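A.B. asks: Sharing a model that was predicted from the sequence below.
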Amino acid sequence: MKIFHKSSCITCKKTISQADRMSADIEKRDFFKDPFSESELKKIIKMTGKKPSELLRKRDKMFKELDLENKKKTDSQIIKLMVKYPGLILRPIIITKNKAFVGKVDPKNLK
């Protein structure tokens, strides 16, 4: 299991501690300190089965500053913005086998 997170994110911390309690084999990465490449993010998005716009954090200040609510962007433009501003990416991202889960997910439900 891989968990991509932000160290100071409370939801991320809860998810990681739940996964630790399950003694799952976890690989953790803070994607603010070790950012995603565009191709890596595209792969993860594909694994979620969602559109890039569905993985945007609407509460992030960049979401408001870039006016993403009103300005229509292509998937490719959204991915580029997510790479440039990782705060736009919903977190945590949990990867198990060939699936990716984003946001508040209980690791127990991923088995």
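C.D. replies: Alright, I've got the coordinates. Numbers count the residues shown, from 1 in each chain.
A.B. asks: ok so residue 3 is a strand residue?
C.D. replies: Yes. The assignment for residue 3 is a strand, going by DSSP: H, G, I helix; E, B strand; the rest coil.
A.B. asks: Counting neighbours, what do you get for residue 30?
C.D. replies: Neighbour count for residue 30, taken as other CB atoms under 10 Å: 17. Glycine gets a C-beta too; all of them are placed from N, C-alpha and C.
A.B. asks: What distance do you get for it to residue 104?
C.D. replies: 18 Å (CB to CB, to the nearest Å).
A.B. asks: any weak-confidence spans in this structure?
C.D. replies: 24, 106-111 (pLDDT under 70).
A.B. asks: ranges for the helices of it?
C.D. replies: 10-21, 38-48, 61-65, 75-84 (DSSP state H).
A.B. asks: Nearest to residue 2 among the ones you listed would be which one?
C.D. replies: helix 38-48 (9.4 Å; CB to CB).
A.B. asks: neighbouring contacts of stretch 85-92?
C.D. replies: 3-6, 9, 11-12, 15-16, 31-32, 35-36, 41, 55-57, 60-63, 66, 68, 81-82, 102-103, 105 (CB atoms under 8 Å, 6 or more residues apart in numbering).
A.B. asks: Those, buried ones only, as a PyMOL selection?
C.D. replies: Selection of buried members from those for PyMOL, criterion 16 or more other CB atoms under 10 Å:
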select buried, resi 3+4+5+6+12+15+16+31+32+36+41+55+56+57+60+62+63+66+68+81+82+102+105
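A.B. asks: Residue 95 is nearest to which of the helices of the chain?
C.D. replies: helix 38-48 (6.6 Å).
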